[in-house]
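K.L.:
Show me how the following folds:
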Amino acid sequence: MLKETFIHLLKNYTNSESIIAEFWGEIEHSYTHKKRYYHTLSHLDNLLAQLTAVKHKIEGWDTILFTLFYHDVVYNALKSDNEEQSAALAEKRMKQISVPDYMIRNCKNQILATKKHLTDTESDTNYFTDADLSILGENLENYMVYAQNVRKEYSVYPDPVYIPGRKKVLEHFIKMERIYKTDYFYHKFENQAKHNLQFELGRL
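P.N.:
Prediction:
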């Protein structure tokens, strides 16, 4: 489904089968890197499912799809500019197939918004960042698998370094008045997310 969605998206902007194959190959290679455990194609699959459920509320569906595929295309646990690098690559690829400038701008803004997940003036951006955080509100078993996979992605850091950083992240979300900006995701995931975060924090 993921590959078919990507191909269908790109066919709106290019007739080149070779470009479509090249771009998909890059996506697939990036998200299946051996050092990735959470930021994988499964993450994209989940995002697509979450966003499809609110498709009728999204104004720029094609833009959201470009954001989905490229938001974690560059991911290195040792770097702090993954979002910026991902946005830059998205811009480069979208320009190659003549995607309108306003869509490129919106896509870059949406990718950069995943750095802090703050409330945005654009509704589509809020839906995307909420969907990106949907794993926080899954059932506890799925959440703990996610937490373990995040730890694996940051395995380069020993516990004395990782644990304080992870605690800071968890406490940040727990203290937020609401994690999810949109009513749809708030009602669907907020309570469970707070429970999950507290549970993981208590185990660190």
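
K.L.:
What is the longest helix anywhere in the chain packed up against?
P.N.:
Using DSSP state H to define each element, the chain has its longest helix at helix 183-203. On a contact count with 3 or more C-beta pairs under 8 Å, 6 or more residues apart in numbering; DSSP states H and E, helix 183-203 meets helix 123-132, helix 140-153, helix 159-175. All C-beta atoms are positioned from the backbone trio N, CA, C, and that covers glycine.

K.L.:
ok, and what's touching the shortest one?
P.N.:
Which is helix 123-132. Applying C-beta atoms under 8 Å, 6 or more residues apart in numbering, the contact partners of helix 123-132 are 47, 50-51, 54, 57-60, 63-64, 67-68, 71, 106, 109-110, 113-114, 117, 119-120, 180-182, 184-186.

K.L.:
Report the buried members of the residues you listed.
P.N.:
Buried members of the contacts of helix 123-132, counted by 16 or more other C-beta atoms under 10 Å: 47, 50-51, 54, 58, 60, 63-64, 67-68, 71, 106, 109-110, 113-114, 117, 120, 180-182, 184-186.

K.L.:
Among the helices and strands packed on helix 183-203, pick out the one with the most neighbours on average.
P.N.:
A comparison of the helices and strands packed on helix 183-203 by mean neighbour count, using mean count of other C-beta atoms under 10 Å, puts helix 123-132 on top with a mean of 23.

K.L.:
Distance check, residue 180 against residue 145.
P.N.:
Look at residue 180 and residue 145: by C-beta to C-beta, to the nearest Å, they are 21 Å apart.

K.L.:
Over to residue 152?
P.N.:
For residue 152 relative to residue 145 (C-beta to C-beta), the value is 11 Å.

K.L.:
again with residue 123
P.N.:
Noted for residue 123: a distance of 31 Å to residue 145, by C-beta to C-beta.

K.L.:
And residue 106, by the same measure?
P.N.:
From residue 106 across to residue 145, the span is 32 Å (C-beta to C-beta).

K.L.:
Next: residue 11.
P.N.:
In this view, residue 11 and residue 145 are 35 Å apart by C-beta to C-beta.
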